[in-house]
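> Give me coordinates for this.
(one chain, ligands or ions: 1)
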Amino acid sequence: MCGIVGYVGRETAAPILLEGLRRLEYRGYDSAGVAVYNDGGIQVVKTKGRIQALAQQVEERGGLAGTIGLGHTRWATHGAPSDVNSHPHVSANGRIAVVHNGIIENYAEIREFLQSTGVRFASETDTEVVAQLLEYYYRGNLLDAVTKVLHRIQGAYALGILCADCPDRLIAARKDSPLILGFGDGFHVLASDVTAVIEHTREVCYLDDGEIAELTADHCWVYDAYLRPVEKERRHVDWEISAAEKGGYEHFMLKEIMEQPKAVHDTITPRIRDGAVVLDELEFSTSYLKSLEKIYIIACGSSYHVGMAAKYVLEALLRKPVEVALASEFRYCNPIVSERTLALVISQSGETIDTLAALREAKRLGARVLSIVNVVGSTIARESDGVLYTWAGPEIAVATTKAYSTQLAVVDLIGLAFAKTMGTLGDEEYKALLEALERLPQQLEEILTHREQIQYLASIYFNHPSVFFIGRNLDYAVGLEGSLKLKEISYLHSEAYAAGELKHGTISLIEPGTLVVALAGCRPVFEKTMSNVVEVKSRGADVLGLTIAPLESAVGKVVDYTLTVPETHPLLLPSLEVVPMQLFAYYVALMHGCDIDKPRNLAKSVTVE
Ligand code: G6P
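I've put the predicted structure just below:
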């Protein structure tokens with residue numbers, strides 16, 4: 001979703017801003033722009049389309065001189081993607097430029113008010129009201145005008161502000177949309193995520209809701225909403241810049257798929273000591289865990305699919321009811337939550353607005369919150385009672401792969417650790433599951449070495465216009481993710497169904513030539529799943545089977561092609577089965593020539609409701 005980058009220092013700002021915007025491209029956007037102060041005024045270049053087009057326009061103007069500026073990638077909400085709706089937006093007198101992530105909910109009322117005073121708007125965006133309102137309130141004291149504006153606007157925002165009257169400083173402000181400050185020698189940067197700044201500095205701090213920052217080349221001040229100074233803790237980011245580069249792969253998605261053995265290894269290994277899972281990060285007492293009435297898993301997108309798998313895993317291991325909720329639904333369903341509810345919040349970015357809002361609602365209702373997050377220091381991580389990080393490193397492709405896999409691994413660690421504390425798992429079972437978990441990285445390597453087979457199958461099936469994924473139990477959970485992967489990057493229609501549910505309606509869509517991906521690796525329901533596979537096969541479907549190696553011949557008798565993964569503990573099946581599904585989606589999208597890392601209309605980090 002929208003990205004912000006800002007720079008104030010001694011170097012020419014424009015190239016730094018453009019490079020920062022390139023690093024934010026992965027978040028998803030449809031237009032981009034920069035504003036730079038130079039020679040008494042603010043120069044703005046903005047355009048619909050890619051950063052490359054923006055860079056070209058900057059070049060055509062002979063580059064932009066100036067050592068302070070703001071950049072933005074926009075993912076349209078209010079107003080179509082167009083040159084004029086792109087950010088930065090400037091006030092009518094051209095003296096104040098603003099970039100914004102989020103949504104100003106009361107923009108219509110403010111716009112009407114400003115129009116009644118004679119202000120003429122250039123764009124259809126909600127953001128422009130911020131620039132115009134700043135001009136309206138500005139009487140020579142920029143911070144004073146900013147606080148007045150912030151008290152007047154409602155909604156979510158991360159804001160970057162540049163004023164030609166104070167050309168040595170940037171102003172930043174946040175509410176519900178992430179914004180970080182980066183500290184360098186003789187410069188400061190601001191950005192919506194760390195990937196935009198790690199090239200320049202590893203020392204950052206995260207603005208909290210209601211805070212305002214004032215940045216010059218040599219100083220940084222942070223204030224609360226009433227301009228009282230706030231002391232901020234600095235954090236060191238240890239992500240490698242190379243992790244955010246393609247390293248020889250055609251796409252980030254393939255690179256990240258290939259990184260999964262290491263990511264899973266890095267996530268589990270530090271937490272396994274002397275034959276036991278040790279979650280030092282958590283402080284949940286035995287009595288608290290035993291007193292739990294329910295676990296409420298809250299997430300969006302693929303993280304929600306991890307939640308769907310986690311329900312089977314945690315209910316099996318902990319014998320406690322687990323409910324899985326889409327974050328966007330949780331807030332508005334009057335959820336039944338008490339002090340004896342543990343909210344397990346799953347989020348790669350740690351910034352998804354619906355997930356964050358649901359976390360706050362769960363806390364308000366009395367739950368304690370444990371989160372599984374990839375981005376260190378993100379808002380969800382900071383607002384949780386306990387956080388377990390996935391050590392996947394930066395994930396750039398919009399469609400998640402390695403974050404999904406590491407989230408699953410953390411769920412397994414939680415299941416093991418809590419089961420031990422709660423006394424719900426026998427020693428032998430505990431040992432068997434732990435050993436299977438430790439074998440995963442090597443088994444993932446093995447699956448990845450056979451990726452040409454999946455590429456071949458993708459070349460056979462890529463032209464099917466509609467695909468159904470069926471499976472039961474954990475196979476069903478993986479089917480949900482396989483289907484999402486395929487549709488989000490290849491734009492093919494696909495649906496996932498619990499195999500037993502198919503005959504309650506959807507089977508009417510199965511006709512000769514329909515592609516069905518049958519996930520049949522789950523031993524306890526294997527026969528039942530295979531009956532459903534026979535049902536679609538006898539209606540003429542082309543069936544691609546996915547199962548574990550020992551069941552290959554049984555599946556092969558019914559389906560057209562069979563993919564296998566090595567056998568593992570039944571509860572860990574999703575960790576292996578998901579990889580062929582990711583690769584299948586990837587190769588199908590490749591055959592279609594899709595923009596795999598940046599699929600249309602999608603954003604990596606969804607920071608608007
Ligand atoms: C977006 C991404 C998905 C992700 C979802 C939830 O839709 O494209 O890959 O699963 O957001 O994001 P989160 O960062 O909360 O896991």
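> tell me the SS of the nearest residue to Asp176 once chain neighbours are set aside?
With sequence-adjacent residues excluded and distances taken as Cβ to Cβ, 6 or more residues apart in numbering, Asp176 is closest to Ala156, at 3.7 Å. Using the backbone N, CA and C atoms, a C-beta is placed for each residue, glycine as well. Put simply, Ala156 is strand when judged by DSSP: H, G, I helix; E, B strand; the rest coil.
> Gln43 now?
Applying three-state DSSP: Gln43 is strand.
> That one - how many residues pack around it?
19 (other Cβ atoms under 10 Å).
> Look up how far Gly33 lies from it.
Note on Gln43: its distance to Gly33, by Cβ to Cβ, to the nearest Å, is 11 Å.
> cool, Cys594 as well?
Going from Cys594 to Gly33 by Cβ to Cβ gives 26 Å.
> Neighbour count: these two, which is higher?
Taking neighbours as other Cβ under 10 Å, Cys594 and Gly33 compare with Gly33 leading, 26 against 18.
> next one: phi and psi at the more buried one?
phi -160, psi 160 (degrees, to the nearest 10).
> which ones are touching it?
Val44, Val45, Lys46, Thr47, Leu54, Gly71, His72, Arg74, Ser86, His87, Pro88, Val99 (Cβ atoms under 8 Å, 6 or more residues apart in numbering).
> Keep only those of these that are in helices.
Judged by DSSP state H, the contacts of Gly33 include Leu54 as members of helices.
> Could you identify the most distant pair in the contacts of Gly33?
Thr47 and Val99 (14.6 Å; Cβ to Cβ).
> what about those two, which has more around it?
Val99 (32 against 18).
> That one against Gly71, yeah?
Yes - counting by Cβ atoms under 8 Å, Val99 does reach Gly71; the two are 7.2 Å apart.
> Point me to the residue of the chain nearest the ligand.
Residue nearest to the ligand within the chain: Gly301 (2.8 Å; Cβ to the nearest ligand atom).
> With Ser405 as the reference, measure out to that residue.
For Gly301, the distance to Ser405 equals 15 Å [Cβ to Cβ].
> what about the residue nearest to Ile353 when sequence neighbours are not counted, neighbour count?
In this structure, Ile353 finds its nearest non-sequential neighbour in Thr607, 5.1 Å apart by Cβ to Cβ, 6+ apart. Residues lying near Thr607 (other Cβ under 10 Å) number 28.
> Equivalent analysis for Pro167, please.
If we define neighbours as other Cβ under 10 Å, then Pro167 has 17 of them.
> and what of Thr506?
So Thr506, with other Cβ under 10 Å, has 14 neighbours.
> Same check on Ile272?
For Ile272, the count of nearby residues is 15 (other Cβ under 10 Å).
> So it sits against Glu435, correct?
No - the pair Ile272 and Glu435 does not pass the contact test of Cβ under 8 Å, sitting 10.1 Å apart.
> mind listing which of the contacts of Gly33 are in strands?
Among the contacts of Gly33, the residues falling in strands (DSSP state E) are Val44, Val45, Lys46, Thr47, Gly71, His72, Arg74, Val99.
> Among these, which one has the most neighbours?
Neighbour max across the ones in strands among the contacts of Gly33 (other Cβ under 10 Å) = Gly71, 34 neighbours.
> check contacts around the nearest residue to that one once chain neighbours are set aside.
Spatially, and ignoring its direct neighbours in sequence, Gly71 is nearest to Leu17 (3.7 Å; Cβ to Cβ, 6+ apart). By Cβ under 8 Å, 6+ apart, Leu17 lies in contact with Val5, Gly6, Tyr7, Val34, Val36, Gly69, Leu70, Gly71.
> rerun that using 7 Å as the cut-off
Val5, Tyr7, Val34, Gly69, Gly71 (Cβ atoms under 7 Å, 6 or more residues apart in numbering).
> Same question for Gln455.
Tyr587.
> how would you label it: helix, strand or coil?
In three-state terms, and counting by three-state DSSP, Gln455 is helix.
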